[in-house]
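Visitor: Task: produce atomic coordinates for the following.
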Amino acid sequence: MAEYRPSGTAAAWMLAKREWIRFFRQRNRVISAVVQPLLFWLLFGTGLQGSFVGAGDQNFMEYFLPGTIALIVLFTAIFATISVIEDRREGFMQSVLVAPVGRWPVLAGKVLGGSTIAWVQAVVFLALVYLFGAASLSTSVFGVLALLAVVAITMCSLGMIVAWPMDSTQGFHAIMMLGLMPMWLLSGTFFPIPAWDSGAGGGQLALGGLMRANPLTYPVVELRRLLYPAVDFSASGFAPSSPICWSVSLAFMVITTLIAWSLMRGHRRADLIS
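Guide: Predicted coordinates for the structure are as follows:
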């Protein structure tokens with residue numbers, strides 16, 4: 001009788017499905033990943049609404065909305081990729097690694113499973129945004145959905161880069177929050193990025209340079225443009241064109257995925273941690 005060898009696609013699908021099953025059994029993840037950004041949006045939006053006027057007379061709740069959606073994806077990516085450390089402690093990951101399917105199904109299953117969960121949670125929040133009139137529904141919603149998928153895959157791949165060589169969930173949380181939260185804050189979430197010729201001081205221009213170098217800035221800028229296509233954001237600061245935003249977002253996704261794949265192929269110490 002011929003030996004059964006599962007295909008890589010089937011193995012990736014089963015790992016992704018396992019992420020979904022784990023998600024539905026841990027309902028506190030829904031609360032922390034959706035309710036906390038929602039509270040941020042409501043508290044910061046209402047508290048700073050009177051002191052902020054953006055391009056096209058945009059209020060702060062509208063300006064802060066893309067950053068809130070990005071935060072949902074970011075939190076979900078943290079919870080999804082931390083399961084790598086838990087699976088290794090329980091011995092499940094070692095069983096997967098010795099299966100005759102290679103390593104790419106492990107990366108594909110974890111990233112696709114986690115990013116799909118993040119995408120769905122962001123879409124649910126987005127549906128509420130359109131339902132309550134915080135943004136006008138238009139054909140640009142298809143671009144929003146596609147860009148959210150790109151950001152979700154990027155964040156989960158970035159989480160895999162951090163989680164794969166680690167054996168401590170506390171250390172994982174510390175590194176992710178230390179790296180991802182500044183990345184989120186410096187993406188133009190709270191305030192516009194000043195233009196070089198805006199007359200801003202040296203400190204503001206230096207901060208603006210960091211924000212321009214942040215790859216998360218570009219999907220946030222494009223999300224804001226897609227949610228409010230009638231607003232000219234270039235009038236209030238740095239607003240790169242759509243082709244530039246999409247190019248940077250896709251390049252960041254490809255780079256993080258390739259780094260995660262390279263790390264999983266070459267980091268043998270992670271295979272032995274139990």
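Visitor: can we go C-alpha only for contacts and neighbour counts from here?
Guide: Will do.
Visitor: Around residue 131, how many other residues sit close by?
Guide: Using other Cα atoms under 10 Å, residue 131 has 12 neighbouring residues.
Visitor: mind checking pLDDT for it?
Guide: Per-residue confidence (pLDDT) for residue 131: 85.
Visitor: Now do the same contact list for it.
Guide: If you count contacts by Cα atoms under 8 Å, 6 or more residues apart in numbering, residue 131 has none.
Visitor: What does it show for phi and psi?
Guide: Main-chain torsions, residue 131, degrees, to the nearest 10: phi -60, psi -40.
Visitor: just checking, residue 186 touches residue 210?
Guide: Yes. Between residue 186 and residue 210 there is a contact under Cα atoms under 8 Å: 7.3 Å.
Visitor: Comparing these two, which residue is more hemmed in?
Guide: Between residue 186 and residue 210, counted using other Cα under 10 Å, the more crowded position is residue 186 (22 against 16).
Visitor: what mean pLDDT does stretch 137-157 have?
Guide: For stretch 137-157, the per-residue pLDDT averages 92.
Visitor: Could you list the low-pLDDT ranges of the stretch 151-274 of the chain?
Guide: 195-203, 266-274 (pLDDT under 70).
Visitor: can you give me the helices for it?
Guide: 169-185, 202-213, 217-227, 242-266, 269-272 (DSSP state H, counting those that start in this stretch).
Visitor: Ranking those helices by mean neighbour count, which comes first?
Guide: helix 217-227 (a mean of 24; mean count of other Cα atoms under 10 Å).
Visitor: That one to helix 169-185, inter-axis angle?
Guide: 60 degrees (axes from the mean of the first three to the mean of the last three Cα atoms, to 10 degrees).
Visitor: Show me what helix 217-227 is packed up against.
Guide: Contacting helix 217-227 under the criterion 3 or more Cα pairs under 8 Å, 6 or more residues apart in numbering; DSSP states H and E are the following elements: helix 60-81, helix 141-163, helix 242-266.
Visitor: Please state the offset of stretch 129-136 from the chain centre?
Guide: Relative to its parent chain, stretch 129-136 has a centroid offset of 22 Å by Cα atoms, centre = their mean, to the nearest Å.
Visitor: Then stretch 173-185?
Guide: Counting by Cα atoms, centre = their mean, stretch 173-185 comes out at 12 Å from the chain centroid.
Visitor: who touches it?
Guide: Counting by Cα under 8 Å, 6+ apart, 67, 70, 71, 74, 78, 159, 162, 214, 216 sit against stretch 173-185.
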